[in-house]
Every structure is written in C-alpha cells, then in structure tokens.
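In: fold the following for me, if possible:
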Amino acid sequence: MNEEELLKILKERGPLTRDQLVKITGLPRTTIYDKLSKLLIKRKVVKEPEKRNSRGRPRIYWKAV
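Out: Numbering: from 1, shown residues only. Okay, the predicted model is just below:
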C-alpha cells in the first residue's frame, strides 16, 4: 500500500485515528505513522485532536485535505 492509497481511505471514510487505519489496512502502526508523516509534509493530510472535556491525551484524527 502506498501513500496515495492511504489518502484515498481517508477521503472515503473521513477522519480516522492511526489505530483505525491499522485495522483497516492491516499494516503495522509504525508503517502507518511513516506514511502519514510523509503525507503531512506534503500537506495532503492534517491532524485534528479529539475535542474533549476530560483529562488525558486526546485521540488524534487524521483527515485528508
């Protein structure tokens, strides 16, 4: 799977977390992160933190631009 295929999944299914992308693609988490990082540098995706009113680290959703 290349970066463009990952981008297509994000466009079709909306904002997703890395864990959701791992389940959809079957790729290792680090591979997903590497591909998302490259897409982020190319400004094809953005990171959006989950809006919450509780403590703890928010989930990060990745969205196609």
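
In: relative to Gly14, how far out is Ser54?
Out: Plainly put, Ser54 is 23 Å away from Gly14 if you go by Cβ to Cβ, to the nearest Å. No exception for glycine: its C-beta is placed from N, CA and C like everyone else's.

In: looking at the two, which has the bigger crowd around it?
Out: Comparing Ser54 with Gly14 by other Cβ atoms under 10 Å, the one with more neighbours is Gly14, at 10 against 5.

In: residues in contact with the more buried one?
Out: Contacts for Gly14 were tallied using Cβ atoms under 8 Å, 6 or more residues apart in numbering; they are Lys63.

In: how about 7 Å then?
Out: Gly14 makes no contacts at all, as judged by Cβ atoms under 7 Å, 6 or more residues apart in numbering.

In: Lys63 - that's part of a strand, no?
Out: Yes - using DSSP: H, G, I helix; E, B strand; the rest coil, the secondary structure at Lys63 is a strand.

In: where do the strands sit along the chain?
Out: Listed in chain order, the strands found in the chain under DSSP state E are 45-49, 60-64.

In: which strands and helices sit next to the last one?
Out: So that's strand 60-64. When contacts are defined as 3 or more Cβ pairs under 7 Å, 6 or more residues apart in numbering; DSSP states H and E, strand 60-64 sits against helix 3-13, strand 45-49.

In: how about 10 Å then?
Out: The elements that strand 60-64 packs onto, with contact taken as 3 or more Cβ pairs under 10 Å, 6 or more residues apart in numbering; DSSP states H and E, are helix 3-13, helix 18-25, helix 29-41, strand 45-49.

In: Tyr33 against Thr17, yeah?
Out: No - in this structure, Tyr33 sits apart from Thr17 without contact. The criterion is Cβ atoms under 10 Å, and the distance is 11.4 Å.

In: list residues touching both of these two?
Out: Trp62 (Cβ atoms under 10 Å, 6 or more residues apart in numbering).
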